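Q: no FASTA, just this:
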């Protein structure tokens, strides 16, 4: 494919944009931004934080060690790599072609750090309760009683016993002095070439974690506890350059302009630590400092060893990288909630690289918090870098303990496979739209299960120079692949858009519900009731006994817009009669008085016609449960009452044209309402008779009125009321005249 010149793509937020709001006709799936591109599988492809794909530097596997953890590495002028490891604790010598030999094996649990002087001697620090050993190739140093140099060409001896719980890092100055960052007491110890040792710097922190020298011979140190970055002059005078927001400084790097880069991790004032259990036989267990990759104080020699490591994905606070300029001003240049920085270095182009865990990513950090997800190692953590004599960097990993060469030769090509896209509906795939530059090949494949390894179609090349047709079978799922080839122009993918047309499917009803005595209120459009989703916000409603409310839930897998029609049918009728059509809300209310008393069923019909051409729409319908309407009040017939002393005899009949009589009540002389049972006691018929005696209330006479015998010459007002099953009410009045 020939190179293509395209316009620049700019984007900083969401990666995938699919047009679902108005689901009409052709849809698009576009990928261009970091958040979704990182979900794909990149082989030799770097993903830019501003969006897009480009070729990554070469990343070649050199060796895999028997040890699980590689904490520190160094390389000599011939390209041989020396790796300080744990589980088991060894120093390996690895030749450029990957041949591995063990040159040192201490009794301590880990070789935590190493440094190499100009003569090729190696200084190695062990943990916990460890020492600094000196290893010499072809030398005559006395063999240590507590360590073994398994390669006969190497000899080892204890160079310095610091009497510290931890030794986290080592650094050498131009004069050959060894500086050791220690834990428990937060000291930096110095050992001269003559073996003289002293406390070079004492901090108020529990641990000094990392060390680096600037071009002027000043020592830069990072702590664990308060996340402090120290500048320490050759005479030991110290100054805190920066108090990082993070608890622990995990890595340092200084560029040629004197900018100091420091990585921080962990929350300050947090008592929690993340640890893993290492099945190391014959070694002592340990407690550990929070968030640091090492072991500590010994106990039983037969139990597994707990070694603390930097928190994993999702750990509180994540990780950040800071830049401290030569004038001392700090700035944050990178941050991540998932990736924890273990190591920092500069590549051949001066870019800052960050080795991270626990996904094994290497990031290239640029200005303005921009970055590139450069590559992913086949291990959980990228824990160390060192410069390779022939160009590029050696990178060390943990879980598994491997060595890689990063950079050097430019790869001829790289491949990126997108994440699987789910159209949710069986779909026909149209053209692909590509934006990029250089020599890029695009492929696509499709299938009807979410796993491409389960009988998908084969990869089909997309002819971008012709019409960009994606000639893969119609299916629910699709995936694209980009192959970037090196050439005169740097290859780059800025965006890939696939056009597709979902097969139309009919809407599906979940429920149609009728409520008596409810009136729904209209809602503004776009509030969810007409959005095509499975779950709707209940519409506002009022109690209104004269109304009938109908509400339905329906979904459309195409996410089409829909319109609705509501019909009713009375018991015994054969025809459905229209109540209302062209509804966009998923509810409807009507006056119950529009329908005669009786039993009914409602049917709602949904159509996706607003989203399709005429004749292409599909419909679905669903009937409600049977319900009854009764808006007519019962009748009270033959009400009579007669007084007999202090009793009154009341007789009447209640009748309803549709539903059974629910209950009856009476009141004498405006007294309290009192319940009365019908003759036969059970109220379950459309007609009920009532015949009962009731006591006349003994009310006091009005002021000034003569005192009379009860019921003698006094009128009494009898009021009765009855309710049917639908709470329709009727009342009647009878007056007993005095005599």
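A: Now that the structure is in, tell me what you want to look at. Keep in mind that what you see is a predicted model, and the values were worked out from it rather than measured. Numbering: from 1, shown residues only.

Q: If I look at residue 180, what pLDDT would I see?
A: pLDDT for residue 180: 97.

Q: List the residues that contact it.
A: By CB atoms under 8 Å, 6 or more residues apart in numbering, the residues touching residue 180 are 125, 132, 160, 162, 164, 167, 169, 170, 188, 189, 190, 191. To be clear about C-beta, it is placed using only N, CA and C from the backbone, and glycine gets the same treatment.

Q: three-state assignment of residue 565?
A: strand (DSSP: H, G, I helix; E, B strand; the rest coil).

Q: now the nearest residue to it once chain neighbours are set aside: how far from residue 567?
A: Residue nearest to residue 565 in three dimensions, not counting chain neighbours: residue 581, with 4.0 Å by CB to CB, 6 or more residues apart in numbering. As for residue 581, its distance to residue 567 is 9 Å (criterion: CB to CB, to the nearest Å).

Q: So for those two, which sits in the more crowded spot?
A: residue 567 (18 against 12; other CB atoms under 10 Å).

Q: which non-adjacent residue is nearest that one?
A: The shortest distance from residue 567 to any non-neighbouring residue, by CB to CB, 6+ apart, is to residue 576 (4.1 Å).

Q: contacting residues around that neighbour?
A: By CB under 8 Å, 6+ apart, residue 576 lies in contact with 567, 568, 569, 603.

Q: ok, what's across the strand from the third one?
A: The one in question is residue 569. residue 601 (DSSP bridges).

Q: in terms of contact, does it touch residue 601 like I think?
A: Yes: counting by CB atoms under 8 Å, residue 601 is a contact partner of residue 569 at 5.4 Å.

Q: What are the boundaries of the strands in the stretch 301-450 of the chain?
A: Counting by DSSP state E, counting those that start in this stretch, the stretch 301-450 of the chain has these strands, from start to end: 305-308, 319-324, 330-336, 340-346, 352-357, 361-365, 371-376, 381-387, 393-398, 402-406, 413-417, 421-437, 439-447.

Q: of all those, which lies closest to residue 482?
A: Nearest to residue 482, of all the strands of the stretch 301-450 of the chain, is strand 413-417, at 4.8 Å by CB to CB.

Q: Tell me the strands beside the closest one, with direction?
A: strand 41-43 (antiparallel), strand 475-485 (antiparallel).

Q: Next, format those as JSON lines and append distance to residue 545.
A: As requested, the strands paired with strand 413-417 are exported to JSON lines (distance: least, CB to CB, whole Å):
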{"stretch": "strand 41-43", "distance to residue 545": "63"}
{"stretch": "strand 475-485", "distance to residue 545": "49"}
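
Q: Most neighbours of all the contacts of residue 180, which one?
A: residue 125 (31 neighbours).

Q: Check the gap between that one and residue 663 for me.
A: Distance of residue 125 to residue 663, computed by CB to CB: 92 Å.

Q: neighbours around residue 625, how many?
A: By other CB under 10 Å, neighbour count at residue 625 equals 10.

Q: For the residue lying closest to it once chain neighbours are set aside, name its beta-bridge partners.
A: Using CB to CB, 6+ apart and skipping residues adjacent in sequence, the residue nearest residue 625 is residue 514, 7.0 Å away. Counting by DSSP bridges, residue 514 is bridged to residue 550.

Q: going forward can the numbers begin at 56, since that is how I track them
A: Renumbered: residue one is now 56, and that last one reads residue 569.

Q: returning to what we had before: deepest in the core, which of the strands paired with strand 468-472 is it.
A: The highest mean neighbour count among these, using mean count of other CB atoms under 10 Å, belongs to strand 530-540: a mean of 21.

Q: Just give me the neighbour total for residue 253.
A: 9.

Q: Thought residue 244 was touching it, still the case?
A: Yes: here residue 253 reaches residue 244: they are 7.2 Å apart, a contact under CB under 8 Å.

Q: Could you measure from residue 307 over to residue 407?
A: Taken as CB to CB, the span from residue 307 to residue 407 is 11 Å.

Q: Which neighbours do those two have in common?
A: 316, 399.

Q: Going along the chain, name the helices of the stretch 156-305 of the chain.
A: For the stretch 156-305 of the chain, no helices are identified by DSSP state H, counting those that start in this stretch.

Q: And the protein, split by domain according to the record?
A: Under the assignment automatic domain parsing, the domains of the chain span 71-111+467-557, 563-684, 690-791.

Q: Below-threshold pLDDT in the protein: ranges please.
A: 56-79, 194-206, 324-372, 579-591, 754-768, 793-794 (pLDDT under 70).
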